[in-house]
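Student: Show me how the following folds:
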Amino acid sequence: MTTKGQSTKRSGGKKKTSIRPTFLDPDQIPVELEKLYPASVIDKIAEDTGFIKRKRTIQAVLFFWTIILEFGMNLQKTLSGLRRRYEEMSGEKIVISSWFERFTPELVNFMRELALYGLQQTINDSGRVLTDKLNRFKDVFIFDNSIVRVHQALAKRFPATR
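Tutor: Numbers count the residues shown, from 1 in each chain. Purely as a prediction, here's the structure:
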């Protein structure tokens, strides 16, 4: 979903401007996703996170798209089903143990980094232009010193910091 169109409404004599979402043609979704996640970026993140140590049977790009596009409601619900779909997409047979051994902390890091990359790209492409003073900031951290009391059962695990 994109937000290109704008509509104007009158409410109580005041003019309100709202952004109206426009929907993508379902055939355009894979094209837009491939623009957001180019194969070169997926491969680089796979190497950086240690998900792919050497290029062999499992291809990071196909693995990523299999997980993203095939897992969910009314789609593949098992790891074996995902493996079969990967084999269909790649045209290569994969030993079951090789497939299952890919579900590691490195995969979690790989997927997390790709999610962060996608969010950052979406923010960068939102069209917002910051002033020079604000442009030098990447993140803003806000600290809160509120005191929260936890249940007695959790008090030993989360002791007070006073």
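
Student: I'd like the distance between the residue most central in space within the chain and residue 29.
Tutor: By Cα atoms, centre = their mean, the chain has its centre lying nearest to residue 115, at 2.5 Å. Distance, residue 115 to residue 29, by Cβ to Cβ, to the nearest Å: 17 Å. In this view, the C-beta of every residue, glycine as well, is placed from N, C-alpha and C.

Student: One more: residue 145?
Tutor: Counting by Cβ to Cβ, the gap from residue 145 to residue 29 is 44 Å.

Student: Need the pLDDT of the residue nearest to the centre of the chain.
Tutor: Residue 115 carries a pLDDT score of 94 in this model.

Student: Helix or strand: which one has it?
Tutor: Take DSSP states H and E as the rule and residue 115 turns out to sit in helix 105-124.

Student: CA atoms of that helix as PDB?
Tutor: Output of helix 105-124 as PDB, limited to C-alpha atoms (Å, rounded to 0.1, in the frame of the first residue of the first chain):
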ATOM      1  CA  PRO A 105      20.600 -18.000  15.500                       C
ATOM      2  CA  GLU A 106      22.500 -16.900  12.300                       C
ATOM      3  CA  LEU A 107      19.200 -17.100  10.400                       C
ATOM      4  CA  VAL A 108      17.500 -15.000  13.100                       C
ATOM      5  CA  ASN A 109      20.200 -12.400  12.700                       C
ATOM      6  CA  PHE A 110      20.000 -12.600   8.900                       C
ATOM      7  CA  MET A 111      16.200 -12.000   9.000                       C
ATOM      8  CA  ARG A 112      16.500  -9.200  11.600                       C
ATOM      9  CA  GLU A 113      19.100  -7.400   9.600                       C
ATOM     10  CA  LEU A 114      17.000  -7.600   6.500                       C
ATOM     11  CA  ALA A 115      13.900  -6.400   8.300                       C
ATOM     12  CA  LEU A 116      16.000  -3.400   9.600                       C
ATOM     13  CA  TYR A 117      17.300  -2.800   6.100                       C
ATOM     14  CA  GLY A 118      13.800  -2.800   4.700                       C
ATOM     15  CA  LEU A 119      12.500  -0.400   7.400                       C
ATOM     16  CA  GLN A 120      15.500   1.900   6.800                       C
ATOM     17  CA  GLN A 121      14.900   1.900   3.000                       C
ATOM     18  CA  THR A 122      11.200   2.700   3.600                       C
ATOM     19  CA  ILE A 123      12.100   5.600   5.900                       C
ATOM     20  CA  ASN A 124      14.700   6.900   3.400                       C
END
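
Student: Thanks again, I'm all set now.
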